[in-house]
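# Please work out how this folds:
(2 chains)
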Amino acid sequence: MSGLDLRDAVIAGVGEADPVRRSGRTAEQLALQAIAAAIADAGLSPGDIDCIVTEGSLCPAMTPTDRIAPAAGIVNLRRVAQSSPIGAGILAALGMACEMVASGAASHVLTYFAVDWGTFPAGPVEYHTKMQAKAIVEEPVGFAGPPLYFAVAAQRYKQVYGLSDEALHAMLADIVIATRANASLHPAAQARQTLDAVSYQANPMIAEPLRAADCSLLSDGAGAIVVSRRSLWRAQRPDVGLKSWSYAVDPIPDVDFYTQSPWLPQLPATSRASAAALAAAGLTPAEIDMFQIYDCFSIAIALQLEAIGRAAPGCTKDLVAGGATRHDGALPVNTHGGLLSHGYVLGIGHAVEAIRQLRGEAGARQVAGAKNAFVGAGPGRQYTSLILERRDG
Amino acid sequence: MAELPQGDLKRNWAYGLETGVLRLPKCAACGHWNWYPLAACRICQHTVFDWTAVSSRGRIYSWTRVHRSFVPGLKPPYVVALVEPDDAPGVRLTCRQSETGASPVIGDTVVLMVGGSADAPVWCFRSAGCAP
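Residues are numbered from 1 along each chain as shown, chains lettered A, B, ... in the order given. The predicted structure follows:
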């Protein structure tokens, strides 16, 4: 992005509708709660928002801008844009929002994402089964449901890197137990009861090697973020913004990836997006203070840490041992509890957590002295890597 | 109603299960196996595919044993795998172990066969080692 100075864009406001299993509210109501909170956090009024950028698949279906904007009092829009589908798209929308502000095309950009898959738990399965090949070829043999996609990835991971069953089990347990420990320090996390090796093992098996605790929660929830041009920024909060970002995609349809990827356990799009974002930031993976990355399943953490270059291939087990991914460990990961323990809001929660951490608003789970954060989502055919930074103090 | 490109998938898949011969879509111009089929070949953008018979031998790409049902009427536990047919490199076929038993091993050779029930046939696999 030559010619753009992302420091002209400040992440001015964040807001949430905290995740719960059944909210008794619609996705639109959850979105509006998060949006109002984010605009207030930025010190703005709805009429100040002149651009909305959102994820491009679920958001137009569940919380379309044409219904959300008037209900939120956002009446002065000059730009509306959409990014790619699901998690990678939610993060790409934030990247695009920062670019639109830095380019001068917009003054105050809103991005939001809301989901009601706690109330309607068939949502994730329905997203995948809308592809005809799933209904004709995959479902009849019993190959259905997102846990299977990551179970076969985990089996390949074990085989390719020569892990024993016990080593794979220990790695997944370390990831899940630390994620839950982080969630136990987040007052609004959905699953706050800590786990140990025994209670982890007591979880029912879903698809080998993944147990219930290795799988994402189901949630109703929302998040919203406002990006302001520096000259118009109200400076109500610490100066946090985007240092760099990148998006990469492989030429394979979204829902084909999980059975037809020839690369597992590697994630080429994750590697490309992350290498580009890190290079643009002038940082190595080891210089990142925390990773907020898409943990739809515990194994996805290992696949991403290795694709990002933070862990050598097959060596995540050594890095995550002993609770290192807790907020106060050597490698803080998903300090809010992620999709596994905070709530399944598909990536917006990871971005919100990174912002709150860099502001110093994370309370008992605060990562001491954090100056930057890697936020990533996708992990399939596409990936978005954001590197956020604290710019003052 | 206009025929969609993917309409071919349903018809051809049912025909393969009925005849017991695995047929997969191959680009009529460049020969690339296109799985799952798109409206045009992902290598050369040609729009005609030949549904071509392949041998019933393949190798395990990955697998899992399912303990929680995601498909009504199918009682867990059962084993499913992604199998690469020897004659169609790059294709990964989802199939079920014919009789749930020992865990498959990635890379092992298996034989593909039609299993399931008479009114709901599906592609299954069994170890090549126990072939009659």
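# how far away is the residue nearest the centre of chain B from chain A?
The residue lying closest to the centre of chain B (C-alpha atoms, centre = their mean) is residue B:93, at 3.4 Å. Distance, residue B:93 to chain A, by C-beta to the nearest C-beta, to the nearest Å: 8 Å. C-beta: built from backbone N, CA, C; applies to glycine.
# List the beta-bridge partners for that residue.
residue B:83 (DSSP bridges).
# didn't it look like it was pressed against residue B:58?
Yes: the pair residue B:93 / residue B:58 is scored as a contact, 7.0 Å apart, by C-beta atoms under 8 Å.
# Please enumerate the shared neighbours of those two.
B:83, B:84, B:85, B:112 (C-beta atoms under 8 Å, 6 or more residues apart in numbering or on different chains).
# how about TSV for the residues you listed, with pLDDT, neighbour count and distance to residue A:287 added?
Listed next are the shared contacts of residue B:93 and residue B:58 as TSV, based on pLDDT from 0 to 100; neighbours: other C-beta atoms under 10 Å in any protein chain shown; distance: C-beta to C-beta, whole Å:
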residue	pLDDT	neighbour count	distance to residue A:287
B:83	98	27	43
B:84	97	18	40
B:85	98	21	46
B:112	97	22	49
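# For residue 107, which residues are in contact?
Chain wasn't specified; assuming chain A. A:48, A:50, A:51, A:101, A:228, A:229, A:232.
# ah, I was thinking of chain B
A:159, B:59, B:60.
# Which residues of chain B lie near chain A?
With C-beta under 8 Å from any C-beta of the partner chain as the criterion, chain B meets chain A at residues B:6, B:9-10, B:13, B:35-38, B:42, B:61-68, B:70-71, B:74, B:78, B:80, B:82, B:90, B:92-96, B:106-107, B:116, B:120, B:122-124.
# Just those residues: which are in helices?
B:9, B:10, B:13 (DSSP state H).
# Is there a neighbour count for residue 33? I'd like the number.
Went with chain A since none was named. 20 (other C-beta atoms under 10 Å in any protein chain shown).
# that's the wrong chain, I meant chain B
20.
# quick one: it and residue B:90 touch, right?
Yes: between residue B:33 and residue B:90 there is a contact at 5.6 Å, judged by C-beta under 8 Å.
# CA atoms of the lowest-mean-pLDDT helix or strand in chain A as CSV?
Within chain A, no helix or strand scores below helix A:123-129, which has a mean of 74 by mean pLDDT, DSSP states H and E. This file holds the C-alpha atoms of helix A:123-129, laid out as CSV (Å, rounded to 0.1, in the frame of the first residue of the first chain):
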residue,chain,number,x,y,z
GLY,A,123,-25.9,-22.2,11.3
PRO,A,124,-22.3,-23.4,10.8
VAL,A,125,-23.4,-26.7,9.3
GLU,A,126,-25.9,-25.0,6.9
TYR,A,127,-23.2,-22.6,5.8
HIS,A,128,-21.1,-25.6,4.6
THR,A,129,-24.0,-27.7,3.2
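# Quick one: residues in contact with that helix.
For helix A:123-129, using C-beta under 8 Å, 6+ apart, the contacting residues are A:58, A:86, A:115-117, A:134-135, A:139, A:144-146, A:218, A:255, A:258, B:70.
# and if we set it to 10 Å?
A:27, A:57-58, A:61-62, A:85-86, A:115-117, A:120, A:122, A:134-135, A:138-139, A:144-147, A:149, A:216, A:218, A:254-255, A:258, A:296, A:344, A:346, B:70 (C-beta atoms under 10 Å, 6 or more residues apart in numbering or on different chains).
# out of those residues, which are buried?
Neighbour-count burial (16 or more other C-beta atoms under 10 Å in any protein chain shown) is assigned, among the contacts of helix A:123-129, to A:27, A:57-58, A:62, A:85-86, A:115-117, A:134, A:138-139, A:144-147, A:149, A:216, A:218, A:254-255, A:258, A:296, A:344, A:346, B:70.
# Narrow these to those in strands?
A:115, A:116 (DSSP state E).
# Which of the buried ones among the contacts of helix A:123-129 fall in helices?
A:27, A:58, A:62, A:86, A:146, A:147, A:149, A:258.
# Can you tell me which of those lies closest to chain B?
residue A:147 (7.7 Å; C-beta to the nearest C-beta).
# Tell me the pLDDT of residue A:347.
On pLDDT, residue A:347 comes in at 96.
# so what secondary structure elements neighbour the longest strand seen in chain A?
Ordering each strand of chain A by length in residues (DSSP E) puts strand A:9-20 first. Applying 3 or more C-beta pairs under 10 Å, 6 or more residues apart in numbering or on different chains; DSSP states H and E, one finds that strand A:9-20 contacts helix A:27-41, helix A:86-102, strand A:108-116, strand A:220-229, strand A:240-249, helix A:348-359.
# For chain B, find the nearest of those.
strand A:240-249 (13.9 Å).
# how about low-confidence regions in chain B?
Scanning chain B with the threshold set as pLDDT under 70 gives B:1-7, B:130-132.
# Identify the residue nearest residue B:124 in space, chain neighbours excluded?
Counting by C-beta to C-beta, 6 or more residues apart in numbering or on different chains, residue B:124 lies nearest to residue B:115, which is 3.3 Å off, once chain neighbours are set aside.
# What count of nearby residues applies to residue B:45?
Count around residue B:45 with other C-beta under 10 Å applied: 12.
# Go ahead and confirm it touches residue B:34.
No: here residue B:45 lies out of contact with residue B:34, judged by C-beta atoms under 10 Å, at a distance of 11.0 Å.
# quick one, helices of the stretch 251-393 of chain A?
A:257-260, A:268-281, A:298-308, A:316-320, A:348-359 (DSSP state H, counting those that start in this stretch).
# Can you tell me which of the ones in helices among the residues of chain B next to chain A are classed as buried?
Using 16+ other C-beta under 10 Å, the buried ones in these are B:9, B:13.
# Which stretches in chain B count as strands?
B:23-27, B:49-53, B:57-66, B:78-85, B:93-97, B:109-117, B:120-127.
# and the fourth one, what does it pack onto?
The helices and strands touching strand B:78-85, judged by 3+ C-beta pairs under 10 Å, 6+ apart, are helix A:146-160, helix A:257-260, strand B:57-66, strand B:93-97, strand B:109-117, strand B:120-127.
# As a markdown table, these with distance to residue A:334 would be great.
Below are these laid out as a markdown table (distance: least, C-beta to C-beta, whole Å):
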| stretch | distance to residue A:334 |
| --- | --- |
| helix A:146-160 | 16 |
| helix A:257-260 | 22 |
| strand B:57-66 | 24 |
| strand B:93-97 | 31 |
| strand B:109-117 | 38 |
| strand B:120-127 | 37 |
